[in-house]
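J.: build me a structure from this.
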Amino acid sequence: MNTDIRTLCITFIQNRDTVKKVFSSESSYIIPVSANIFTANGIPADAEKLEQCKKLIKKNEGLFSYLRGNVISILAAKLSNADDPEEKLNSISRINKMLRVYFGKNDYTALLSLIFADMIPEEETENAAIRGKAIFKLMKKDHPWLTSSEDCVMAGLMSRSDRADNELLEDAENCFNILKKKFSDKNALQTVSQILALSKENSETKSQRLIQLFDLLKASGRSYGKNYHLSTLAAVSLLSNNIQELAATICEADDILSEAKGYKGIFGTDKKIRLMHAAMITADLYQPADNTNIAASTSALVLIAAQEAAMCAAIVAASIAASTTCSN
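T.: This is a model prediction of the structure:
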């Protein structure tokens with residue numbers, strides 16, 4: 001662990017406010033996960049640099065016409081953390097062009113491009129995409145009605161595992177069957193099970209640990225979301241065997257956030273979203289002091305999965321909110 005949870009929460013809130021100044025029209029679901037990119041990296045958000053990166057993206061909008069609003073501030077945050085934002089942008093563009101061949105043009109392919117740009121050498125992208133596509137096809141075979149473009153992100157992450165494809169998917173299926181007795185949202189469970197499969201632990205052990213963490217939060221008076229929120233908690237449950245400590249840390253983070261502007265009061269962020277953000281910040285505790293050179297280890301993959309899960313959840317939440325607004 002690299003700091004204490006209170007410091008992380010305060011830093012996160014400051015970063016959120018900075019990102020919001022630059023992306024005032026961005027979805028309230030997306031801004032926190034963009035802010036967390038800075039928090040996880042231990043770098044304060046810089047409004048001036050973010051603004052420059054926003055202009056850089058706009059200047060190159062021809063290259064990034066495939067990006068919708070849901071990923072723009074996340075991209076800007078990633079660029080703002082880079083030593084050379086323009087070169088980083090060009091690299092992401094090349095990676096995305098490659099990934100689109102295998103996964104199509106959508107927000108989730110764009111998100112996977114951002115993840116791969118930080119995670120692997122650019123020259124390894126095609127091999128990772130080929131394996132990721134093969135894993136995606138296995139997902140589709142197991143769950144044809146549940147598998148969608150969203151799953152390309154987890155397929156990409158699973159491609160970096162040293163476990164065989166069939167072993168990964170068999171483990172995920174075992175976790176799915178265990179967890180469906182507790183949770184009813186099968187679409188959410190698919191992602192949760194894929195995240196748990198990144199760990200080499202016994203399927204029963206890690207599935208029960210997630211259930212225990214969920215139940216401990218409930219016992220503390222918190223109601224953790226059972227839908228798209230759940231994938232973030234799944235990733236966090238893999239970070240430590242001390243589930244009581246994890247639950248206590250999430251609760252402490254939730255208490256701190258509950259007193260912050262934007263979270264408190266009847267007009268504040270939904271409590272389930274707030275609790276998911278508390279879990280997201282808890283994952284930041286486990287970031288290494290120097291995470292500039294990420295190895296394809298299980299622990300590194302789990303940490304990346306925690307960030308990815310929060311980003312995907314934010315995109316889903318923003319899409320649901322937009323659909324609700326349109327229908328009204």
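
J.: low-confidence stretches in this structure?
T.: The model of the chain has pLDDT under 70 over residues 1-3, 62-70, 266-268, 289-297, 322-328.

J.: do you know how far residue 303 is from residue 80?
T.: Going from residue 303 to residue 80 by Cβ to Cβ, to the nearest Å gives 20 Å. In short, each C-beta sits where N, CA and C put it, glycine included.

J.: neighbour-wise, which of the two wins?
T.: A count of neighbours by other Cβ atoms under 10 Å puts residue 80 above the other of residue 303 and residue 80, at 27 against 22.

J.: ok, the more buried one - contacts?
T.: Residue 80 is in contact with 38, 45-46, 49-50, 53, counting by Cβ atoms under 8 Å, 6 or more residues apart in numbering.

J.: let's go with 10 Å and repeat that
T.: By Cβ atoms under 10 Å, 6 or more residues apart in numbering, the residues touching residue 80 are 19, 22, 34, 37-38, 41, 43, 45-54, 56, 88.

J.: next: residue 29.
T.: By Cβ under 10 Å, 6+ apart, the contact list for residue 29 reads 70, 269-270, 273, 313-322.

J.: what about 6 Å?
T.: 314, 317-318 (Cβ atoms under 6 Å, 6 or more residues apart in numbering).

J.: equivalent analysis for residue 138, please.
T.: Residues near residue 138 by Cβ under 6 Å, 6+ apart: residue 169.

J.: so after whichever strand or helix holds it, what's the next helix or strand?
T.: Element membership for residue 138, per DSSP states H and E: helix 125-142. Toward the C-terminal end, the helix or strand that comes next after helix 125-142 (DSSP H and E) is helix 151-158.

J.: any idea of the angle that next one forms with helix 125-142?
T.: With axes from the mean of the first three to the mean of the last three Cα atoms, to 10 degrees applied, the angle from helix 151-158 to helix 125-142 works out at 120 degrees.

J.: by contact count, what packs against helix 151-158?
T.: helix 107-119, helix 125-142 (3 or more Cβ pairs under 6 Å, 6 or more residues apart in numbering; DSSP states H and E).

J.: so how far is residue 7 from residue 151?
T.: In terms of Cβ to Cβ, residue 151 sits 35 Å off from residue 7.

J.: looking at these two, which one has more neighbours?
T.: Between residue 151 and residue 7, residue 151 has the larger neighbour count (other Cβ under 10 Å), namely 24 against 12.

J.: residues in contact with residue 168?
T.: Neighbour list for residue 168: 158, 161, 197 [criterion: Cβ under 6 Å, 6+ apart].

J.: change it to 10 Å
T.: By Cβ under 10 Å, 6+ apart, the residues touching residue 168 are 135, 138-139, 155, 158-159, 161, 194, 197-198.

J.: adding distance to residue 286, write these out as a markdown table.
T.: Below are the contacts of residue 168 laid out as a markdown table (distance: Cβ to Cβ, whole Å):
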| residue | distance to residue 286 |
| --- | --- |
| 135 | 25 |
| 138 | 29 |
| 139 | 27 |
| 155 | 24 |
| 158 | 20 |
| 159 | 23 |
| 161 | 19 |
| 194 | 20 |
| 197 | 19 |
| 198 | 14 |
